[in-house]
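> Sequence and predicted model, in that order:
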Amino acid sequence: MKVERACIYPKDIQRITGRSERYGRKLLNDIKAYLGKSSHQFITVQEFSEYTGIEESIVLEYL
C-alpha cells in the first residue's frame, strides 16, 4: 500500500508551478485566508486542487 501525503507545502507548489518557493508560501497563505483557516493549519491536496483548478491526480504525481 502506497502512503500519500495529505498536505501540501511550498516546495511542492514550486515543483508543480515552476515558480519560486516564496510564491508557494504566498499562495498557501492566500488559500488559508480564502478558506478561513488559521496560520497553524495545513492545506490539503484537495483544497489546493479546488482553489487552483489543477486536477488532484496531477498534483499527486508531484508528491
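Yep, that arrived. Remember, it's a predicted structure, so these values are computed and weren't measured experimentally. Numbers count the residues shown, from 1 in each chain.
> moving C-terminal of the longest helix along the chain, what's the next helix or strand?
With secondary structure taken from DSSP state H, the chain has its longest helix at helix 21-35. As assigned by DSSP states H and E, the chain's next helix or strand after helix 21-35 is helix 45-52.
> centre of the chain versus whichever helix or strand comes after that next one, how much separation?
Per DSSP H and E, the first helix or strand lying C-terminal to helix 45-52 is helix 56-62. Computed by C-alpha atoms, centre = their mean, to the nearest Å, the chain-centroid distance of helix 56-62 equals 10 Å.
> Any buried residues in helix 56-62, and which?
V59 (16 or more other C-beta atoms under 10 Å). Just so you know, the C-beta spots here come from the backbone N, C-alpha and C atoms, and that holds for glycine as well.
> Could you do stretch 5-25 as well?
Those would be I8, Y9, P10, D12, I13, Q14, I16, G24, for stretch 5-25 by 16+ other C-beta under 10 Å.
> Isn't the fourth one up against L60?
No - proximity of D12 to L60 does not meet the contact threshold set by C-beta atoms under 8 Å, at 10.3 Å.
> between the buried residues of stretch 5-25, which is closest to S49?
I8 (9.2 Å; C-beta to C-beta).
> what's the angle between the longest helix of the chain and helix 45-52?
Angle, helix 21-35 to helix 45-52, by axes from the mean of the first three to the mean of the last three C-alpha atoms, to 10 degrees: 90 degrees.
> Make 38 the starting number, not 1.
Understood, numbering begins at 38; the last thing we discussed is helix 58-72.
> Looking at helix 58-72 now, give me its mean pLDDT.
Helix 58-72 shows a mean pLDDT of 94.
> Quick check: R42 touching V96?
No - using C-beta under 8 Å, R42 is not in contact with V96, being 10.5 Å away.
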